[in-house]
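Asker: need a 3D model of the sequence below.
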Amino acid sequence: MKKIKYTRVFILGVFVYILFKAIIILIGENTSNLLLENNTYTLKKKVDALVIRDEYLIKSDTDGTLSLSVGENEKIHKSQELATIYNNKINGNINKEIQRLKEDIKSIEKENSSLKRGILYSKKEQLDILQEKVKSNTSTYYAESPGVLSFKYDEYSNVYTPDSLENITKEDIKNTKNSFIQTKGNNEHVKEGDVIFRVINNNEIYMVFANDDKKLFNEGDSVKIEINKKQINGEIYKVYKKDDYFLTTIKITQQNIGIFDTRHEEFDIIYRQMEALRIPKDSIVKHDKKRGAYVINEETKKPEFTEIKGNYYEDDNYIYMDFRTNKANGVDTIDLYDRIVLKPNFINKRIKIFN
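Answerer: Next up, the predicted model:
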């Protein structure tokens, strides 16, 4: 009886062993893994940014009718005439009379008749009188500096300036809203103090955003800003250390109309385009205070911990290994065509993986 009992226990033990091995093999064959291949990746980060420009407002110093000499978003040069405001004291018929006199004078001069010299002299005198009367009751506006002209403005033009970059805070960015106001158009009535233009120095445009990762953006780095499906070239201008975050400032190095009339916007910042091996962060583990992934040894089929080191970059979801630079520098780390275990756990870190 005892012999039969021992035989049954032995058979049960063998069965359990076979079942265990079968389960291990099954787990090994169904453990997800990833073959690391070389691809080109665009690394970007979405940021909530404040746009700051070197700009100034031109305001009307009288009541009257606005006559524009330039168009919206037009590039202007220093001292260029931008607009004239005709004071309401001037009767609109005077301008018509001036035009009529100019046409009469031109016609008489073509005739070149000595009999009409007196008439010509008289009409020129009338024209001078009317033009002087208009001149004394108009205000002409000129550009103080070169730039781009906008017919929109907001309350922050004189608040957020290039001189204030260092003092911007996370709260400033969060609380500032887009609130642009359209200026008056051609031949419309304006009042004293009304804004008629905003002049933007298109060489001094900045974007400011709060960032928790100091290593992600470094002063002098070239970046691209995505806005309205277009890309604008920029450069990391300054990184300011705040209490518990960093304030990153990008200077726009490419002139672009699309960023002239916005104050607060969400942008995608492309901070790197590179050839790399992309490792999902849910494959990353810590072992002996080192960060790495389990690479499958193709001879033994067992996962082996390999530390991530050398030249790499990361975003919220992936680590990007610059394997070419690592190999050139002799760095022993994860390499091209390595297979890594996806979502490693207690079991699959200790078994053979065949698939």
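Asker: quick check: which element contains residue 94?
Answerer: Using DSSP states H and E, residue 94 maps to helix 92-111.
Asker: other SSEs contacting that helix?
Answerer: Applying 3 or more CB pairs under 8 Å, 6 or more residues apart in numbering; DSSP states H and E, one finds that helix 92-111 contacts helix 117-135. From N, CA and C alone the C-beta is placed, and that goes for glycine too.
Asker: still on that earlier bit, buried ones in the helix holding residue 94?
Answerer: Residues of helix 92-111 classed as buried by neighbour count (16 or more other CB atoms under 10 Å): 98, 101, 104-105, 108.
Asker: looking at this protein, which strand is longest?
Answerer: Counting residues, the longest strand found in the chain (DSSP state E) is strand 39-59.
Asker: low-confidence stretches in the chain?
Answerer: 1-31, 88-92, 113-115, 133, 136, 255-258, 346-355 (pLDDT under 70).
Asker: would you map the helices across it?
Answerer: Counting by DSSP state H, the chain has helices at residues 2-30, 92-111, 117-135, 170-175, 323-328.
Asker: residue contacts, residue 183?
Answerer: With contact set as CB atoms under 8 Å, 6 or more residues apart in numbering, residue 183 has these partners: 151-153, 194-198.
Asker: strands - which of those residues land there?
Answerer: Those of those lying in strands (DSSP E): 152-153, 195-198.
Asker: neighbours around the nearest residue to residue 102 once chain neighbours are set aside, how many?
Answerer: Nearest residue to residue 102, sequence neighbours excluded (CB to CB, 6 or more residues apart in numbering): residue 127, at 6.7 Å. Other residues near residue 127 number 17, with proximity taken as other CB atoms under 10 Å.
Asker: going forward, the N-terminal residue is numbered 24.
Answerer: From this message on, residue numbering opens at 24, which makes the last subject residue 150.
Asker: residue 150 against residue 128, yeah?
Answerer: Yes. Counting by CB atoms under 8 Å, residue 128 is a contact partner of residue 150 at 6.8 Å.
Asker: the helix holding residue 117 to helix 140-158, inter-axis angle?
Answerer: 150 degrees (axes from the mean of the first three to the mean of the last three CA atoms, to 10 degrees).
Asker: out of the contacts of residue 206, which two are the most distant from each other?
Answerer: Farthest pair in the contacts of residue 206 (CB to CB) is 175 and 217. Separation: 13.5 Å.
Asker: now do the contacts for residue 178.
Answerer: Contacts of residue 178 by CB under 8 Å, 6+ apart are residue 202.
Asker: now do the one 5 residues further on
Answerer: Residues counted as contacts of residue 183 (CB under 8 Å, 6+ apart) are 73, 75, 191, 195, 199, 286.
Asker: report the two of those separated the most.
Answerer: Of all pairs in those, the most separated under CB to CB is 191 and 286 at 12.4 Å.
Asker: got the contact list for residue 127?
Answerer: Contacts of residue 127 by CB under 8 Å, 6+ apart are residue 146.
Asker: go on, residue 240?
Answerer: Contacts of residue 240 by CB under 8 Å, 6+ apart are 234, 246, 259, 262, 269, 271, 292, 294.
Asker: that's all I had, so thanks and see you.
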